[in-house]
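A.B. asks: sequence unknown, structure follows:
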């Protein structure tokens, strides 16, 4: 459905442009470009390694917590712990459980941050190449075939000011 609206918007834009014949359009398939870039493969490998390290650390923390729970259950079953002491130990374990949940959330955020850190320069490099190709070859618009998004538009064909004027806006 989203693609339908993207394509409908593009079609309307094409049809309403008065000097359509004078404009030049191009398209790319960004997914095929990304798939063959060694930098992307390297970045994905680093992200996956980082993710696995965090997952392993999380598993270690979980195993330690489970061991503590089992030990406490065993003490309780054998009558080696007083009820007040049991409550205090259970509260400590609940606090550790909350810390583990916090660690998992922070780990997800760290993976996202690592992805952004490694992939943003690659995206910027791709966009610069698109801009350069458009500029060097006289393209007014470049679309991404795989997503239906506009990746480049010549600023000289921006009619926003004219539309605002027509609407009586500043």
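C.D. replies: Good, I have the coordinates. No experiment lies behind these values; they were computed from the predicted model shown. Numbers count the residues shown, from 1 in each chain.

A.B. asks: do you know how far the residue most central in space within the chain is from residue 26?
C.D. replies: Centroid check for the chain by C-alpha atoms, centre = their mean gives residue 112 as the closest residue, at 6.6 Å. Applying C-beta to C-beta, to the nearest Å, the value for residue 112 to residue 26 is 32 Å. Using the backbone N, CA and C atoms, a C-beta is placed for each residue, glycine as well.

A.B. asks: which stretches of the protein form strands?
C.D. replies: 25-28, 141-144, 150-153 (DSSP state E).

A.B. asks: Dump those strands to TSV, plus mean pLDDT, distance to residue 169 and mean neighbour count.
C.D. replies: Output for the strands of the chain, formatted as TSV (pLDDT from 0 to 100; distance: least, C-beta to C-beta, whole Å; neighbours: other C-beta atoms under 10 Å):
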stretch	mean pLDDT	distance to residue 169	mean neighbour count
strand 25-28	93	29	15
strand 141-144	93	25	19
strand 150-153	92	21	16
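
A.B. asks: got those strands as JSON lines, with distance to residue 122 columns?
C.D. replies: JSON lines is the format used below for the strands of the chain (distance: least, C-beta to C-beta, whole Å):
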{"stretch": "strand 25-28", "distance to residue 122": "15"}
{"stretch": "strand 141-144", "distance to residue 122": "15"}
{"stretch": "strand 150-153", "distance to residue 122": "15"}
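
A.B. asks: I'd like to know which of the ones you listed is closest to residue 92.
C.D. replies: Of all the strands of the chain, strand 141-144 sits nearest to residue 92, with 53.1 Å by C-beta to C-beta.

A.B. asks: What is the closest one packed up against?
C.D. replies: Applying 3 or more C-beta pairs under 8 Å, 6 or more residues apart in numbering; DSSP states H and E, we find strand 141-144 packed against strand 25-28, helix 83-137, strand 150-153.
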